[in-house]
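Participant: quick one, structure for this:
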Amino acid sequence: MREPRVLVSWLLRVESLLLLGIALYLIAKALTDTVSERNALTAEIIFLFIGAVGLYFAGESFLKERRLGRGPAVLANLISLGVAYYMIEGGRPALGTLLGALSLATLILAFSAISRGK
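Facilitator: Reported below is the predicted structural model:
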């Protein structure tokens, strides 16, 4: 089995790609539909791009055995656990469960890599 730091790096890359995909979807939606709050949508797209880049580099720091990416990785996944809970409560149990499982797996591996000192 691979080391937790390698696995958490790959999971963070998957999360990064998911955020990038959501941002691209919102861009396509904005170009094809009427948007009532263009400034809010633009801010959300920018936030998603920054988050995607941040999660990607957090994953890279796990591979390089550096500690600076751990905090952002843990914080992002704690937030996404909350989002998963509200998705389940809001009538999207399948998506919420998938998001929660991904976040929980990433958190467990991130803490495992932290406890091993790598």
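
Participant: in this structure, which helix is the longest?
Facilitator: helix 4-32 (DSSP state H).

Participant: report pLDDT for the spatially most central residue of the chain.
Facilitator: The residue lying closest to the centre of the chain (Cα atoms, centre = their mean) is Glu15, at 4.0 Å. Per-residue pLDDT puts Glu15 at 95.

Participant: name the nearest residue to it, ignoring sequence neighbours.
Facilitator: Leu55 (5.1 Å; Cβ to Cβ, 6 or more residues apart in numbering). Quick note: C-beta positions are derived from backbone N, CA and C, even for glycine.

Participant: rewinding a little: and the longest helix of the chain, what's buried?
Facilitator: Residues 4-9, 11-13, 15-16, 18-20, 23, 26 are the ones in helix 4-32 that count as buried (16 or more other Cβ atoms under 10 Å).

Participant: show me which of those residues is closest to Ser112.
Facilitator: Pro4 (4.1 Å; Cβ to Cβ).

Participant: isn't the closest one up against Leu107?
Facilitator: No - using Cβ atoms under 8 Å, Pro4 makes no contact with Leu107, being 11.2 Å away.

Participant: can you check the pLDDT for the closest residue to Leu109 other than its chain neighbours?
Facilitator: Nearest residue to Leu109 in three dimensions, chain neighbours excluded: Val8, at 3.9 Å (Cβ to Cβ, 6+ apart). For Val8, the model assigns a pLDDT of 94.
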